[in-house]
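Visitor: here is my input, please return the structure:
(one chain, ligands or ions: 1)
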Amino acid sequence: MTIALRTLDDGAWISVNDSREVGVSDIWTLPAREFCGCETPHVMLEGFSGVDLRGVDTHVIADAVGMCIDCGTRDGIESLPVGRIVEGEFKRYEPESVQSPSVAAVSGR
Ligand SMILES: [Zn+2]
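Guide: Below is the predicted model:
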């Protein structure tokens with residue numbers, strides 16, 4: 001099964017099978033101290049620079065730029081898991097639950 005992944009509108013959306021599924025301006029909770037010095041970084045996404053499928057669990061992994069709303073740090077986020085493909089359908093992760101970019105990046109190799 002082919003999953004069509006791309007970014008749309010200059011990185012404002014991640015499109016899965018021609019449906020806009022994940023947009024910027026959500027606030028994602030990232031693992032402590034991976035993004036900035038905050039105990040629990042709350043990062044508002046500003047744009048997606050890329051999206052890909054990874055691993056046997058078919059995580060949908062995005063590269064993005066975001067800003068911590070607590071301390072103002074602005075940086076790139078590599079390999080943010082935004083959802084996964086289950087039986088050909090996209091299941092979005094909740095931004096409020098802590099994602100772990102580094103763990104996801106390693107497990108897919
Ligand atoms: Zn911060």
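Visitor: the host helix or strand of D63: what's the following helix or strand?
Guide: Using DSSP states H and E, D63 maps to strand 59-68. Downstream of strand 59-68, the next assigned helix or strand under DSSP H and E is strand 74-86.
Visitor: with just CA atoms, put the next helix or strand after that following strand into CSV.
Guide: Downstream of strand 74-86, the first helix or strand assigned by DSSP H and E is strand 89-92. Listed next in CSV are the C-alpha coordinates belonging to strand 89-92 (Å, rounded to 0.1, in the frame of the first residue of the first chain):
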residue,chain,number,x,y,z
GLU,A,89,-5.1,5.0,7.7
PHE,A,90,-3.3,7.9,9.3
LYS,A,91,-3.7,8.0,13.1
ARG,A,92,-2.5,11.3,14.5
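Visitor: need the pLDDT of A104.
Guide: We have a pLDDT of 42 for A104.
Visitor: correction: the previous question concerned T2.
Guide: Looking at T2, the pLDDT reads 83.
Visitor: with R109 instead?
Guide: 32.
Visitor: show me what contacts the nearest residue to W28 once chain neighbours are set aside?
Guide: Closest residue to W28 apart from its sequence neighbours, by Cβ to Cβ, 6 or more residues apart in numbering: P95 at 4.4 Å. No exception for glycine: its C-beta is placed from N, CA and C like everyone else's. Listed by Cβ atoms under 8 Å, 6 or more residues apart in numbering, the contact partners of P95 are D26, I27, W28, T29.
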